[in-house]
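Novice: Build the 3D model from these lines:
(chains A, B, C and D)
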4 protein chains.
Amino acid sequence: MKNTFGNALTITLFGESHGDAVGCVIDGIAPGLPVDDEEIKKILSRRRPTGKTDTARSEKDEYKILSGVFNSHTTGTPICIVIPNEDTKSHDYERGPARPSHADLTAFIKYHGFEDHRGGGHFSGRVTAALCAASGIIMPALRNGGINIGSHIEKCCGIEDPGFSKDPVKTIELLKTKSFPTISDEAGEKMIKAIEDAKNEQDSVGGIIETCITGLPAGLGEPWFDSFEGILSHIVFSLGGVKGIEFGKGFEAAGMKGSEFNDPFVINDGKIKTTTNNNGGINGGITNGMDVLFRVAVKPTPSISKEQDTVNFLTNEAEKLVIKGRHDPAIVRRICPVIDAVTALAVADLLTVRFGTDALLEGSRLWNTD
Amino acid sequence: MKNTFGNALTITLFGESHGDAVGCVIDGIAPGLPVDDEEIKKILSRRRPTGKTDTARSEKDEYKILSGVFNSHTTGTPICIVIPNEDTKSHDYERGPARPSHADLTAFIKYHGFEDHRGGGHFSGRVTAALCAASGIIMPALRNGGINIGSHIEKCCGIEDPGFSKDPVKTIELLKTKSFPTISDEAGEKMIKAIEDAKNEQDSVGGIIETCITGLPAGLGEPWFDSFEGILSHIVFSLGGVKGIEFGKGFEAAGMKGSEFNDPFVINDGKIKTTTNNNGGINGGITNGMDVLFRVAVKPTPSISKEQDTVNFLTNEAEKLVIKGRHDPAIVRRICPVIDAVTALAVADLLTVRFGTDALLEGSRLWNTD
Amino acid sequence: MKNTFGNALTITLFGESHGDAVGCVIDGIAPGLPVDDEEIKKILSRRRPTGKTDTARSEKDEYKILSGVFNSHTTGTPICIVIPNEDTKSHDYERGPARPSHADLTAFIKYHGFEDHRGGGHFSGRVTAALCAASGIIMPALRNGGINIGSHIEKCCGIEDPGFSKDPVKTIELLKTKSFPTISDEAGEKMIKAIEDAKNEQDSVGGIIETCITGLPAGLGEPWFDSFEGILSHIVFSLGGVKGIEFGKGFEAAGMKGSEFNDPFVINDGKIKTTTNNNGGINGGITNGMDVLFRVAVKPTPSISKEQDTVNFLTNEAEKLVIKGRHDPAIVRRICPVIDAVTALAVADLLTVRFGTDALLEGSRLWNTD
Amino acid sequence: MKNTFGNALTITLFGESHGDAVGCVIDGIAPGLPVDDEEIKKILSRRRPTGKTDTARSEKDEYKILSGVFNSHTTGTPICIVIPNEDTKSHDYERGPARPSHADLTAFIKYHGFEDHRGGGHFSGRVTAALCAASGIIMPALRNGGINIGSHIEKCCGIEDPGFSKDPVKTIELLKTKSFPTISDEAGEKMIKAIEDAKNEQDSVGGIIETCITGLPAGLGEPWFDSFEGILSHIVFSLGGVKGIEFGKGFEAAGMKGSEFNDPFVINDGKIKTTTNNNGGINGGITNGMDVLFRVAVKPTPSISKEQDTVNFLTNEAEKLVIKGRHDPAIVRRICPVIDAVTALAVADLLTVRFGTDALLEGSRLWNTD
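Specialist: Modelled structure (predicted):
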């Protein structure tokens, strides 16, 4: 349903880049979850532009929770979070020339010219601040239930970061402390340098993000339309710039033989596990208890300072375009907490569908059979 | 919602591999659409096993439309299509050993052992016959509205098929006449040979499917959760065996510069077009009027005749497993009409959301501004 | 969503009066529920026309469960139930003259003349057989969880039946054994006589149905849109002929003072109860643990043999209409199991939302705090 | 979905009586609708407490639109409206004693004690201010499309107001100018007097509201679950205090003969009309082009100053309760604009389902066949 996601625990997004605010409403959340300002701030700060790889726009992200939280706990009724916009410079945004790879033209067609075009309006990545804030409430509840979610930049400008370690929870914790989320600091430094180079060439770059979910109970997801992959890909493709997603071996699997790809089952500490995880923790659309692993392809940021050919949709004439305003030469750093956030929202919804409205309150007591 | 997909035009799936029937209910469809048995049969025959690359299970696919069609036209009320199962050999299917990469174990956990395990039960690819039958009603309506959808096997066993031609509608028509859907017959023959080789080695293979949608009006999809990519990926991941999806340049985009990737706008015959189509026809989650192009990664078929290590979940003991029964060494051929089908369903839903319940009846009159 | 009802446990209806079949798909149901043919047959027989107060159409109601049931238990995957139509006499149904109070004209407008008009098509009460069959699976699961649902004809032709006794479970059991569901046999006989009189006058009558739900856990329903009353009224108004619904004192409450109407709380056997039940078991949209009581107004059956003034919508000319065909002089008898059925479906959905997908399997273990 | 209503045009509610704010998000609304502050203020002022029949709480209702409106028109993206709470006196609200007919106890059970109990929290009628504000955007668009919605107090304290006149649009306009919405001023004055008397007796009263919708196109609503009555009753029962709803003759119909009740069709000015409107403008769940008429039963306001028996749910002990704080002796006046508002939301949703996302922008051009 347009700007609402989820079946049992839903999130509804609103806001524009240069309007009064962005925000969201979370509904169907369990009562009694602690709401900790520090958690929310920490996540927002991971998304906030900083340093040389991001836009110069400065956002304070001073969110306000208008409802659904009382005595620092969720009440179980809808939570509205509002993040006011402050550092907006609308005069930078001219209308008419369709910025290539942006939604200017499609928004103009869809909304008949009534769209708020300033800074991308409702299409702006600014709206993802609301997703991050929401995850600041959800994520600790998942963690208390033994579920951890983390992402790193697996590839950018040809530089590769190694995959999650044998102890992914530790890696996830480590990643959340880093200003540039790579597992290898050396890889991270090289990426930063390469992004700066692109910026100096008035250009932009993309990258690949790898995400890991640990501690998920087996049995989440449905055989057909609401497969775990279907639900997760649905919300991940909400994010501007995402052009692909793969689970487990993903596209590589297409070139493997069944005998190579199939994950053999074994008994391990009395539990059924697989020796490999080529399926990324999902069989038949349903979690099997192994870590869920997926990778997301992020295209290069559309806004570049280089001159581009385009058409002005107000005059229907060709134009040369030089994009001014502030923009990110790469969003790979800032998209990591956002992918974590939407993953957390999807997982929280699936848990609530499966275990009912108190799922996040009761946590692993409901799904842990140890 | 579990086994229902769509916001305005919905499809609900049911059925098990070795139960009485598989089928679906289509709701929210426009009244007055011609229902042509030949169309439905043709699509079902493209999905039906045949020749050396598929299972030996013989399915007549004699579907029956129980409701919603009167005088060979849709009535506008729900259409129930039932496809009885006939050639079922349940004794081939033993219970207990979790077939690797299959849903045996996850189904056992999720349904507490009450699942119909015979032949994969509700998880069986057999259920996709219902999706194909449904598309036999939807697809002609889309075509009348100027929208064509087609898929080919882009890669299998290392063999590549060339991409869609400059005249994709013609290529799509051609593909629908082929028993093995590659654009190049030579590539197709090589793939068939390689699949047969894998089968002889008691193994299986996967592949990559490329799909093209032509003639879509600009303006379909939403800025955030119901992005065109989000909706489409959601339904495509319903299909067992799909492990990845990418739009336009997809994962390749992650390695490109913005100046390379961005699709410049030009005026062409008085219309705004892009000179390249790296975004795959979608900007900001919304169709831009160019062809939509996406690629799907299909893992190797899980069922192989080679011996595999596994665990019997009834005894919790390790076992050696040799899968008997009939199975496909590759599903790349048979999945093409299924991907076409789910794409058609998603597109029909988006058109109905955008243009109302008569969208498919009125067709391009509603969206064509020529 | 049109023909689908429910958030977590959904039912999708299909079928036409004189098509091949009517039926439904139940999705989201817990696995492991026993499916007992006798239960389903018993409910269908309560809805089946019989005797002098009903249509002469004879329906065998030989339903078939196509999916979702294995070894006489629900599997947890979608259940498709099909009830073939047999005794159809389509030649009785002429097209054109809009039968007053029927959907002929509104269907003609909505579906542009493509509707299956025979015997009311998809609008026919025949479709409710599918609702009853579905409830034959749900109702025993509710009963096992301590929840009982029953309805009686509270008023018909000016004759009143007394309300539910102090032991409503017993009254509910009794009602299910009766061929004409009144609590007082004497009232029932008078009603039957009055209905026969109306029939002899080529006329029809309506009535008021009262329904009781016992054993509901407190806490079902939501503060705003998904209030218990909102959910239940939504599904009850699905039924053709229903023109009103009221909970507890309902319309009578509008004339009461707060001091008369408010239900005082008391401690009773260590539990919080109310001394009166003017709110019908619901406070703020949420069940409070008392019996839920509601009343439904059923209009007189539209089909009467008397001559009526109408318009032929094919010619746009006034006409005199004498309805032939078989029809019920009153549906008050037959609607009771249907109201029970939709109530059971709504309650099962609310329990599944609240307690998760295994709610009906686990039953009162989840909600009983005794 | 809990606090979200609608299929194509949705509204999501949030907020608590004594929290920071109440508000809503409207999604799926057509772009290009004029947003007029005066319209919104006018509706809010009709709901605002004033005079002797209402609470003494003074609310400024200074709403703020945070998103989705640009250059005084809807953009087509989500509109978030926030109405800050100002005159809150939380110390008046003690916790523990369950106020009879209130949601204190059910909220306590449902939310395990984490609910914001102050002033009824999320259950408070205060939240309806957000519904009214939303309708301030929707209502003018409907009116431009020829659709008018209005309500009057048909009965209160035994005093009856006459029904809608032959020119209901004029009556509706008149009602919107009145501080106490009765058609007859004399009836209104008597009602006010009776409400004051009840207040002086430390008591409260209820009443019956009658609502009329004119100008609806025929063909809205669905045969089964999404019948017009089903949709409308669902949203009307959201409102605290509503205990019954009836369409057309409603409960009176239950006592009529078919020959009395059926609305004969006639040709009138070349159009098909009915001579009576006992069905309230709906046949088979679908609008027939006549005015839609329905009546809502409102129970007496639960809060009374008289001493009441209750139980303290924190101690599980019986208590005598005297409710302090400010409350309405009757909500019949203030609920009228709220019923108008939810009716407008339901109608706007049904139009958007039927005619697509631009329905409200295009208005009667889409549905007027004159």
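
Novice: And the residue of chain A closest to chain C?
Specialist: Here chain A gets closest to chain C at one residue, A:Gly356, 3.7 Å apart by Cβ to the nearest Cβ. Placement of C-beta: from N, CA and C, glycine included.

Novice: hang on, that residue packs against C:Ala359?
Specialist: Yes: here A:Gly356 lies in contact with C:Ala359, judged by Cβ atoms under 8 Å, at a distance of 7.0 Å.

Novice: so who does A:Ala348 touch?
Specialist: By Cβ atoms under 8 Å, 6 or more residues apart in numbering or on different chains, the residues touching A:Ala348 are A:Leu9, A:Ile29, A:Ile138, A:Ala141, A:Leu142, A:Ala359, A:Leu360.

Novice: Apologies, that question was intended for A:Leu66.
Specialist: With Cβ under 8 Å, 6+ apart as the criterion, the residues that contact A:Leu66 are A:Cys80, A:Ile81, A:Val82, D:Phe14, D:Gly15, D:Gly19, D:Asp20, D:Ala21, D:Gly23, D:Val82.

Novice: Could you list which of the residues you listed also contact chain C?
Specialist: Among the contacts of A:Leu66, no residue lies close to chain C (Cβ under 8 Å from any Cβ of the partner chain).

Novice: Which residue comes closest to A:Gly68 once chain neighbours are left out?
Specialist: A:Ile79 (3.3 Å; Cβ to Cβ, 6 or more residues apart in numbering or on different chains).

Novice: could you list every residue that touches the one you found?
Specialist: With contacts defined as Cβ under 8 Å, 6+ apart, the neighbours of A:Ile79 are A:Val25, A:Ile26, A:Asp27, A:Ile29, A:Ile65, A:Ser67, A:Gly68, A:Val69, A:Ala134, A:Ile137, D:Phe14.

Novice: Could I get the pLDDT score of it?
Specialist: Per-residue confidence (pLDDT) for A:Ile79: 98.

Novice: how many neighbours does A:Glu317 have?
Specialist: A:Glu317 is flanked by 11 other residues according to other Cβ atoms under 10 Å in any protein chain shown.

Novice: beta partners of it?
Specialist: A:Asn312 (DSSP bridges).

Novice: Surely A:Thr214 touches A:Val169?
Specialist: Yes: A:Thr214 is within contact range of A:Val169, at 5.5 Å (criterion: Cβ under 8 Å).

Novice: Can you check which residues contact both of the two?
Specialist: Looking at what touches both A:Thr214 and A:Val169 (by Cβ under 8 Å, 6+ apart), the common residues are A:Asn148.

Novice: Now do the helices in chain A.
Specialist: Listed in chain order, the helices of chain A (DSSP state H) span residues A:37-47, A:104-110, A:128-144, A:168-175, A:185-200, A:228-236, A:258-261, A:332-355, A:359-362, A:364-367.

Novice: Of those helices, give the one that comes closest to A:Glu246.
Specialist: Closest of these to A:Glu246 is helix A:228-236, at 9.3 Å (criterion: Cβ to Cβ).

Novice: So is the closest one next to chain B?
Specialist: Yes: where contact is defined by Cβ under 8 Å from any Cβ, part of helix A:228-236 touches chain B, namely A:Glu229, A:Gly230, A:Ile231, A:Ser233, A:His234, A:Ile235, A:Val236.

Novice: As a markdown table, those with distance to chain D and pLDDT would be great.
Specialist: Formatted as a markdown table, the entries for the residues of helix A:228-236 next to chain B read as follows, by distance: Cβ to the nearest Cβ, whole Å; pLDDT from 0 to 100:
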| residue | distance to chain D | pLDDT |
| --- | --- | --- |
| A:Glu229 | 23 | 98 |
| A:Gly230 | 19 | 98 |
| A:Ile231 | 16 | 98 |
| A:Ser233 | 21 | 98 |
| A:His234 | 16 | 98 |
| A:Ile235 | 16 | 98 |
| A:Val236 | 20 | 98 |
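
Novice: out of those residues, which one sits closest to B:Lys320?
Specialist: Here the nearest of these to B:Lys320, counting by Cβ to Cβ, is A:Glu229; it sits at 29.7 Å.
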